[in-house]
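Asks: Below is the sequence, then the predicted model.
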Amino acid sequence: MTGAGGNAGLASAVNSTSKTFPDKARGSATGVVISGFGLSAFLFSTVSRVKFAGNPSSFLRLLSLGTAIPMIAGFCFIRPIPLSQSVAPEEGQHSSMVAEEHAREQTPLLDAHEGVPK
């Protein structure tokens, strides 16, 4: 149950981040989110060893609250920024070219099994 909740939080954070940032910064922004997810295991294991040695119930309480509260706060307050407002034409590029690029980014991916948009 905990793994499903953690992975759902990771998937939603990566999805929101990838929709918010333009192509040039999307990889870096997504990498920061994924590295934060990976480093959280390091942080919580260190806290467990130092502060909660021999007391797993208190550590599990900290672990559940320490992961649930930020996800609930993120659900309530964080919204993706529409990419169309942040896309501006580069020098020498027409606005129609930017609109075409944006339309390509917004095209739904095809499902490999069915060949239809998700």
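Replies: Ah, there it is. Keep in mind that this is a model prediction, so the values were computed, not measured.

Asks: give me phi/psi at the nearest residue to Gly9 once chain neighbours are set aside?
Replies: Distances taken as C-beta to C-beta, 6 or more residues apart in numbering place Met71 nearest to Gly9, at 4.8 Å, with adjacent residues excluded. Every residue, glycine included, has its C-beta placed from N, CA and C. When read as degrees, to the nearest 10, the backbone of Met71 gives phi -70, psi -40.

Asks: wait, Met71 sits on Ala11?
Replies: No. Shown here, Met71 and Ala11 do not form a contact pair, counting by C-beta atoms under 8 Å, at 11.7 Å.

Asks: More neighbours: those two, which one.
Replies: Met71 (16 against 10; other C-beta atoms under 10 Å).

Asks: Please enumerate the helices of this protein.
Replies: Assigned by DSSP state H, the helices in the chain fall at 2-20, 23-51, 56-77, 83-86, 95-106.

Asks: any chance of those helices in CSV, with mean pLDDT too?
Replies: What follows is the helices of the chain, written out as CSV (pLDDT from 0 to 100):
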stretch, mean pLDDT
helix 2-20, 80
helix 23-51, 89
helix 56-77, 85
helix 83-86, 58
helix 95-106, 55
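
Asks: and the ones you listed, which is most packed in?
Replies: helix 2-20 (a mean of 14; mean count of other C-beta atoms under 10 Å).

Asks: by contact count, what packs against it?
Replies: helix 23-51, helix 56-77 (3 or more C-beta pairs under 8 Å, 6 or more residues apart in numbering; DSSP states H and E).

Asks: looking at those, which is closest to Asn7?
Replies: helix 23-51 (9.2 Å; C-beta to C-beta).

Asks: Compute the inter-axis angle for that closest one and helix 56-77.
Replies: 150 degrees (axes from the mean of the first three to the mean of the last three C-alpha atoms, to 10 degrees).

Asks: quick one: contacts of stretch 31-39?
Replies: 6, 10, 13-14, 17 (C-beta atoms under 8 Å, 6 or more residues apart in numbering).
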